[in-house]
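# What would the 3D arrangement of this be:
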Amino acid sequence: LLDATGIPVDSMTLPGTGADDGTETYASIDGQHKYTASPTPGKANVYKEPIPLEEKLRAQNEAGNAFFRVDGAQTFSKIVDINVSLDEEGLAMIEDHPNWEEYVQFQELTVSNTGDTTTDEG
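Coordinates of the predicted model:
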């Protein structure tokens, strides 16, 4: 973020390339403010139509099904245990600030399911 004289007043760095979940920005493009799927820090704004929310949610659902339903038919029970291992610094951040939405890197993630595989009808 630059002030009126072009001096940086704030900045941030995205983890990775920013493309992991489709980074978007709100920018002035051709005299109008629009959301664009093509952030261009330090360069002229470029318009690239963002993926519609419905498509993003459909892709997330498909990825979840591919992960949890290995054979396409397997179902999990109503309870799935998700275990996340954190280092001491990450755990301290969460414990010290329980109301923050702060990203912390995890060391390991496991998902297990040992319960009933019935589903609700309705």
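# alpha carbons only for contacts and neighbour counts from here, please
OK.
# thought Gly90 was touching Gln107?
No - contact criterion CA atoms under 8 Å: Gly90 and Gln107 do not qualify, at 9.8 Å.
# Which one's more surrounded, the two?
Shown here are Gly90 and Gln107; by other CA atoms under 10 Å, Gly90 has more neighbours (17 against 10).
# check which helix or strand covers Val104.
Assigned by DSSP states H and E, Val104 belongs to no helix or strand.
# Thr25: how many residues sit nearby?
Residues contacting Thr25 under the criterion other CA under 10 Å number 16.
# Pull the contacting residues for it.
Residues in contact with Thr25 (CA atoms under 8 Å, 6 or more residues apart in numbering) are 35-39.
# Show me what it bridges to in the sheet.
Beta-bridge pairing of Thr25 under DSSP bridges involves Thr36.
# Let me see the backbone angles for Ser112.
phi -130, psi 160 (degrees, to the nearest 10).
# now the closest residue to it other than its chain neighbours: how far from Arg58?
The spatially closest residue to Ser112, leaving aside those adjacent along the chain, is Asp81, at 5.2 Å (CA to CA, 6 or more residues apart in numbering). Plainly put, Asp81 is 24 Å away from Arg58 if you go by CA to CA, to the nearest Å.
# where does the chain dip in pLDDT?
12-23, 68-79, 114-122 (pLDDT under 70).
# can you give me the helices for it?
In the chain, the helices defined using DSSP state H lie at 53-68, 88-96.
# count of neighbours near the residue nearest to Leu2 when sequence neighbours are not counted?
Using CA to CA, 6+ apart and skipping residues adjacent in sequence, the residue nearest Leu2 is Pro8, 4.3 Å away. Look at Pro8: counted by other CA under 10 Å, it has 10 neighbours.
# ok, Pro8 touching Gly42?
No - contact criterion CA under 8 Å: Pro8 and Gly42 do not qualify, at 10.7 Å.
# any idea what sits nearest Val80, other than its immediate chain neighbours?
Leaving aside its chain neighbours, Val80 sits nearest to Asn113 (5.1 Å; criterion: CA to CA, 6+ apart).
# okay, now that neighbour: neighbour count?
Neighbours of Asn113 using other CA under 10 Å come to 14.
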